[in-house]
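Visitor: When you get a sec, could you give me coordinates for this:
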Amino acid sequence: MFRLVPIVAALVVCSGAAATDDASGWCRAPQPASWKRIVAGSVVGLSRHASVLPIVGANDGRSFLAELYSPSFSGVVRIDARTSRVTRIRRFPSARNDQADGSWDGRWLVWNEYHSLSDDFADFTTFAWDSRSGRVTQIGAAKRDPDGNFWPSGWRQPDVRNGFATWTQGTGPDDESELHVYDLARSRDRVVRRGHPQGSFFVNGPTVIWSESLTRGALTKMLAADARTGNSLPPPPALAHLRGISGLFTDGHALAYPSARFTSLWWSPSLGGTPRLIFKPRKAVNHIENGVRIAARYVIFSDTGKGYLADTHVRRYVELGVDPVAVDRHALIVSSWTKGKTLHPRNRISFVPVRSLPRLARCAG
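Guide: Numbering: from 1, shown residues only. As a prediction, this is how the structure comes out:
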């Protein structure tokens, strides 16, 4: 799964009133001696023979949703990690150009299917798969300008929670866009916001959250609305004072995000808490990539190509030596690195049950 790093200009971390910039109590633990053995013993067999790019875990301890590129089928699939059994969801029209990124709520998979490798992902279609019926429905698509080109849209994948999907898409010049909330059970699309909304996602409620610059040149702030009605709501306290933040991820309760300049990692155990600094790269030229993910006690993130797992219960993090791709309450999914450049890399994908994760030892020193 690709990880997009947005271009961010003239942004600051977040206001001092809403953040604690002290990472004391957090430290780097040594990699457990058993970790390499655990990764090697958890490889998904299918990934040895085909290109498998995980999108998200299925939160069942057994399977995950992914892009699959193989001679017999290329498209979006569900994979049983133990048996490598594949449930085909949707075939890509173009195995070369099409890619997917999305979210899962336990019943629905919602994803953007990107159709070009050369337009900054402006050309996309939004789909929803109902795992109960097996039905795939197109629920959105990028819009074109008067010249037939696609308006640019935000980089974030669509989100889904409690049967509602959300995404933002470009609609005009000067980064004009609209925010959609789609009721999947009723097949009802609602445009909640027009203006310059970016990167919408859900927290429990369900409440839809997005960042937006309200005046030209102003830092973005977090806004909120009721997913069922579209009515404006105050954002949760942990989000209310954030400025310029674009890479935030939440499991609906806890949240984690890179700072606006992607120079540090922040975390809050609840929507009502105060975000705290938990990691800062040792090298000033390094950055936190925007593939941050959180599920219950665990956070995964990368620091300029080095992947980490953080355990918020013990407030330690460890370098994994592999690429962390997804995490849910039941499993951590990691990928080996492929040497050289290839369109569809054949990485080893390991599906590690959370119960198999080793304890992080006390930090040295």
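
Visitor: just the strands in the stretch 101-250 of the chain please.
Guide: Here the stretch 101-250 of the chain has its strands, by DSSP state E, counting those that start in this stretch, at 108-114, 124-130, 136-141, 159-161, 164-172, 176-183, 188-195, 197-203, 207-212, 221-226, 232-233, 249-250.

Visitor: elements contacting the third one?
Guide: For strand 136-141, the elements it packs on are strand 124-130, strand 164-172, strand 176-183, judged by 3 or more CB pairs under 8 Å, 6 or more residues apart in numbering; DSSP states H and E. Bear in mind the C-beta positions are built from the backbone N, C-alpha and C, glycine included.

Visitor: got the CA coordinates for the second one in PDB?
Guide: Output of strand 164-172 as PDB, limited to C-alpha atoms (Å, rounded to 0.1, in the frame of the first residue of the first chain):
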ATOM      1  CA  PHE A 164     -21.000   5.400   7.300                       C
ATOM      2  CA  ALA A 165     -18.300   6.300   4.800                       C
ATOM      3  CA  THR A 166     -16.500   9.700   4.400                       C
ATOM      4  CA  TRP A 167     -14.100  11.200   1.900                       C
ATOM      5  CA  THR A 168     -13.200  14.600   0.400                       C
ATOM      6  CA  GLN A 169     -12.800  15.300  -3.300                       C
ATOM      7  CA  GLY A 170     -11.800  18.300  -5.400                       C
ATOM      8  CA  THR A 171     -14.500  20.300  -7.100                       C
ATOM      9  CA  GLY A 172     -12.800  23.500  -8.300                       C
END
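
Visitor: partner strands of it, parallel or antiparallel?
Guide: Its sheet considered, strand 164-172 pairs with strand 159-161 (antiparallel), strand 176-183 (antiparallel) by DSSP bridges.

Visitor: Give the rounded mean pLDDT of it.
Guide: Averaging pLDDT along strand 164-172 yields 97.

Visitor: mind listing what's buried in it?
Guide: Neighbour-count burial for strand 164-172, with 16 or more other CB atoms under 10 Å as criterion, is recorded at Phe164, Ala165, Thr166, Trp167, Thr168, Gln169, Gly170, Thr171.

Visitor: Check stretch 309-320 too.
Guide: Result for stretch 309-320 [16+ other CB under 10 Å]: buried residues Leu309, Ala310, Asp311, Thr312, Val314, Arg315, Arg316, Tyr317, Val318, Leu320.

Visitor: Which pLDDT value belongs to the fourth one?
Guide: Predicted confidence (pLDDT) for Thr312: 97.

Visitor: list the contacts for the closest residue to it other than its chain neighbours?
Guide: Spatially, and ignoring its direct neighbours in sequence, Thr312 is nearest to Arg297 (5.1 Å; CB to CB, 6 or more residues apart in numbering). Residues near Arg297 by CB atoms under 8 Å, 6 or more residues apart in numbering: Asp311, Thr312, His313.

Visitor: For the nearest residue to Thr304 once chain neighbours are set aside, pull up the helix or strand it's in.
Guide: In space, and not counting its chain neighbours, Thr304 is closest to Asn286: 4.2 Å by CB to CB, 6+ apart. Of the helices and strands defined by DSSP states H and E, none includes Asn286.

Visitor: Was I right to think Asn286 contacts Phe301?
Guide: No - look at Asn286 against Phe301 with CB atoms under 8 Å: they stay out of range, at 11.9 Å.

Visitor: Pull out the buried residues from the longest helix seen in the chain.
Guide: Secondary structure of the chain per DSSP state H: the longest helix is helix 35-40. For helix 35-40, a neighbour-count test (16+ other CB under 10 Å) marks Trp35, Ile38, Val39 as buried.

Visitor: how close does the closest residue in space to Asp189 that isn't next to it in sequence get to Ala227?
Guide: Once flanking residues are discounted, Asp189 sits nearest to Tyr182: 5.0 Å by CB to CB, 6+ apart. Distance, Tyr182 to Ala227, by CB to CB, to the nearest Å: 10 Å.

Visitor: tell me, what's touching these two both at once?
Guide: Phe164, Thr166.

Visitor: would CSV of the buried residues of stretch 309-320 with distance to His241 and secondary structure be doable?
Guide: Formatted as CSV, the buried residues of stretch 309-320 follow (distance: CB to CB, whole Å; DSSP: H, G, I helix; E, B strand; the rest coil):
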residue, distance to His241, secondary structure
Leu309, 28, strand
Ala310, 23, strand
Asp311, 27, strand
Thr312, 21, coil
Val314, 28, coil
Arg315, 23, coil
Arg316, 27, strand
Tyr317, 25, strand
Val318, 31, strand
Leu320, 32, coil
